[in-house]
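In: Got a sequence here, can you model it:
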Amino acid sequence: QVQLVESGGGLVQAGGSLRLSCAASGIILGINTMGWYRQAPGKQRELVALITNGGSTNYADSVKGRFTISRDNAKNTVYLQMNNLKPEDTAVYYCNAQIVVRMIPMRSDDYWGQGTQVTVSS
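Out: Down below sits the predicted model:
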């Protein structure tokens, strides 16, 4: 079984910073793309940022220049550094990872963390 465990959420004032972490554990043969998504009350889950196993990144327009995604492949961990937070960043943040569970033939499955609340006060 594979688990993704997130940490680092909390309450912060507008303009502040938070760093989210998500560690994958279990039987992991490899990890392809990792990412962060968020879901605000009454809204659909949306992509925040992605990072490939080669380090290429992609960001939602709303967070470009403020958020930075990174990963430590040795620790099977992905991070999201969030700076200059705004009230509209308030949401539950979910970690996602495409984890290789079989090599021959190759198979990867999508896994999600349990979510961590980020609340930004004005």
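
In: CA only for contacts and neighbour counts going forward, please
Out: OK.

In: Point to the residue nearest the middle of the protein.
Out: Compute the mean C-alpha point of the chain, and by CA atoms, centre = their mean the closest residue is residue 36, 2.7 Å away.

In: Show me which strand runs longest in this protein.
Out: Selection of the longest strand in the chain by residue count, based on DSSP state E, yields strand 91-102.

In: which other helices and strands contact the next helix or strand after it?
Out: Next along the chain after strand 91-102, taking DSSP states H and E as the criterion, comes strand 107-112. Using 3 or more CA pairs under 8 Å, 6 or more residues apart in numbering; DSSP states H and E as the contact criterion, the secondary-structure elements in contact with strand 107-112 are strand 2-7, strand 91-102.

In: and these as a markdown table, adding mean pLDDT and distance to residue 78?
Out: Conversion of those to a markdown table gives the following (pLDDT from 0 to 100; distance: least, CA to CA, whole Å):
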| stretch | mean pLDDT | distance to residue 78 |
| --- | --- | --- |
| strand 2-7 | 95 | 9 |
| strand 91-102 | 96 | 8 |
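
In: any idea which of those is most buried?
Out: Highest mean neighbour count of the helices and strands packed on strand 107-112: strand 91-102, a mean of 21 (counted as mean count of other CA atoms under 10 Å).

In: How far off centre is that one?
Out: Counting by CA atoms, centre = their mean, to the nearest Å, strand 91-102 is centred 7 Å from the centre of its parent chain.

In: can you list the residues that contact that strand?
Out: By CA atoms under 8 Å, 6 or more residues apart in numbering, the residues outside strand 91-102 that reach it are 4, 6, 22, 27-41, 106-119.
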